[in-house]
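Engineer: can't give you the sequence, but here's the structure:
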Ligand code: HEC
């Protein structure tokens, strides 16, 4: 009797452990743009951060890591200043950016870290994206 009970307990625990391991799936997003924004990888899982050219290369960064989940900017601790908002609304707002960004200036920034005013930004991360990936990311910034 006692043995059956112990056995049952082991099997039961096993089933619970198995079930919980199955539910630990990686979070996925429905669009390529959102996936890039939140993970720094495209929807196929390809890493778009150029790790060898980036200073912050201990992990793959999405834009959200530094600009916040809503893109509105984020304080990252220590002496760091809060990052700016990169929602499309704000990038194209003349009260915030001068000159304002447009789609091709955002693409230029992703390629070369050149701001709309022509100066070079020091973000510590470099991205390598195809035209399609940049367009998808910009489309997502429009939804924020
Ligand atoms: C590791 C942190 C980090 C990540 C990741 C990051 N940024 Fe930034 N970003 C910054 C910092 C810091 C600045 C300000 C740099 C400066 O002014 O020298 C910045 C500036 C910018 C600017 C320029 C704003 C201006 O002042 O004109 C844009 C646009 C921008 N980021 C877009 C993005 C996009 C799009 C992504 C994702 C592909 C991204 N960033 C990922 C940290 C980051």
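Structural biologist: It's in. Just so we're clear, the structure is a prediction, and the values are computed from it rather than from any experiment.
Engineer: residue numbers of the chain in contact with the ligand?
Structural biologist: Proximity of the chain to the ligand (C-beta under 6 Å from any ligand atom) is limited to residues 56, 61, 63, 65-67, 83-84, 86, 97, 109-110, 115-116, 121-125, 127. C-beta here means a position set from N, CA and C on the backbone, and glycine is covered the same way.
Engineer: inside strands: which ones of the residues you listed?
Structural biologist: In this view, those have no member that belongs to strands under DSSP state E.
Engineer: from those, list the buried ones, please.
Structural biologist: Among the residues of the chain next to the ligand, those classed as buried by 16 or more other C-beta atoms under 10 Å are 61, 63, 65-67, 83-84, 86, 97, 109-110, 115-116, 123, 125, 127.
Engineer: what about the residues of the chain next to the ligand, which are in helices?
Structural biologist: The helices, defined by DSSP state H, take in 63, 65-67, 109-110 from the residues of the chain next to the ligand.
Engineer: and which of these is nearest residue 101?
Structural biologist: Among those, residue 109 lies closest to residue 101 (C-beta to C-beta), at 7.4 Å.
Engineer: isn't that closest one right up against residue 101?
Structural biologist: Yes - contact criterion C-beta atoms under 8 Å: residue 109 and residue 101 qualify, at 7.4 Å.
Engineer: okay, and the common contacts of those two?
Structural biologist: Residues touching both residue 109 and residue 101 (C-beta atoms under 8 Å, 6 or more residues apart in numbering): residue 116.
Engineer: mind checking how far residue 37 is from residue 136?
Structural biologist: Going from residue 37 to residue 136 by C-beta to C-beta, to the nearest Å gives 9 Å.
Engineer: residue 90 now?
Structural biologist: Distance of residue 90 to residue 136, given as C-beta to C-beta: 19 Å.
Engineer: equivalent analysis for residue 127, please.
Structural biologist: Taking C-beta to C-beta as the measure, residue 127 falls 13 Å from residue 136.
Engineer: could you look up the next helix or strand downstream of the helix or strand of the chain with the lowest mean pLDDT?
Structural biologist: Scoring the helices and strands of the chain by mean pLDDT, DSSP states H and E places helix 2-22 at the bottom, with a mean of 59. Per DSSP states H and E, the first helix or strand lying C-terminal to helix 2-22 is helix 32-39.
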